[in-house]
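Student: Below are the sequence and a predicted model; questions follow.
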Amino acid sequence: MDVVVARIGRPHGLMGEVTVQTHTDEPLTRYAAGTAYETQAQPGTGVPRTLVVRSSRLHNGTWLLAFEGIPDRTGAESLRGTRLVVDNGDDVAQADEPATESSESGEAWYEEQLVGLAVHLGDGSRVGEVSGLEIGAAQDLLVVDLVGGRTAYVPFVSAIVPTVDVEGGRVVIDPPPGLLEL
């Protein structure tokens, strides 16, 4: 199973640096110059299948990475949304923490385990499917593609997501009124 180490954000400056949303607790090791990553990007974006870290630095609490072959801001902009992944079988990957953790139960899941799970309300009615996970400073958000075609962002806290059943292929949510209509 591939594990997401980082998700590329917006460009920073003119020399090809990008911000990254970190999904690892070992960024110094992970972001070392010369480290190669497989990429996951939207089809047709032209993102290379492999990116090699040219440089990394911490700037105001945000990691900035530059990659070989991406010399400028235009190239960096094309990488936005790309995920940097490693195979879970890699020795270094085993030291990474899962993408998110339930604050009360202590259970943790990789984003890859959550994507594709059916989303149900407590009464059993299906409302959609998990299509992603957005890591936030205060809390993580499940990205849910709703049955009607809209997208909802559900705070991934045990009060709102009381059940995550990866083996059963479902998540049960108890959203406050109006959350799914936002």
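Tutor: Happy to help now that I have it.
Student: Any stretches of the protein with poor pLDDT?
Tutor: The chain contains residues with pLDDT under 70 at 1, 88-107, 136-138.
Student: which stretches of it form helices?
Tutor: Applying DSSP state H to the chain gives helices spanning 27-30, 73-77, 111-114.
Student: can you list these in TSV and add distance to S125 and mean neighbour count?
Tutor: Backbone N, C-alpha and C define where each C-beta goes, glycine included. As requested, the helices of the chain are exported to TSV (distance: least, Cβ to Cβ, whole Å; neighbours: other Cβ atoms under 10 Å):
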stretch	distance to S125	mean neighbour count
helix 27-30	41	16
helix 73-77	41	16
helix 111-114	20	20
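Student: Same list (those) but as JSON lines, adding distance to G124.
Tutor: Converted to JSON lines, these look like this (distance: least, Cβ to Cβ, whole Å):
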{"stretch": "helix 27-30", "distance to G124": "41"}
{"stretch": "helix 73-77", "distance to G124": "44"}
{"stretch": "helix 111-114", "distance to G124": "20"}
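Student: nearest to V172, of those helices?
Tutor: Proximity to V172 (Cβ to Cβ) singles out helix 111-114 among these, at 13.0 Å.
Student: circling back: V53 is nearest to which of the helices of the chain?
Tutor: helix 27-30 (8.7 Å).
Student: With just CA atoms, put the closest one into PDB.
Tutor: Listed next in PDB are the C-alpha coordinates belonging to helix 27-30 (Å, rounded to 0.1, in the frame of the first residue of the first chain):
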ATOM      1  CA  PRO A  27      10.400  15.500   7.700                       C
ATOM      2  CA  LEU A  28      14.200  16.000   8.100                       C
ATOM      3  CA  THR A  29      14.700  12.400   6.900                       C
ATOM      4  CA  ARG A  30      11.900  12.400   4.300                       C
END
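Student: Mind jotting down where the strands sit in the chain?
Tutor: 2-12, 17-22, 36-40, 50-59, 62-67, 83-87, 100-101, 108-109, 118-121, 126-134, 141-146, 151-155, 163-165, 170-173 (DSSP state E).
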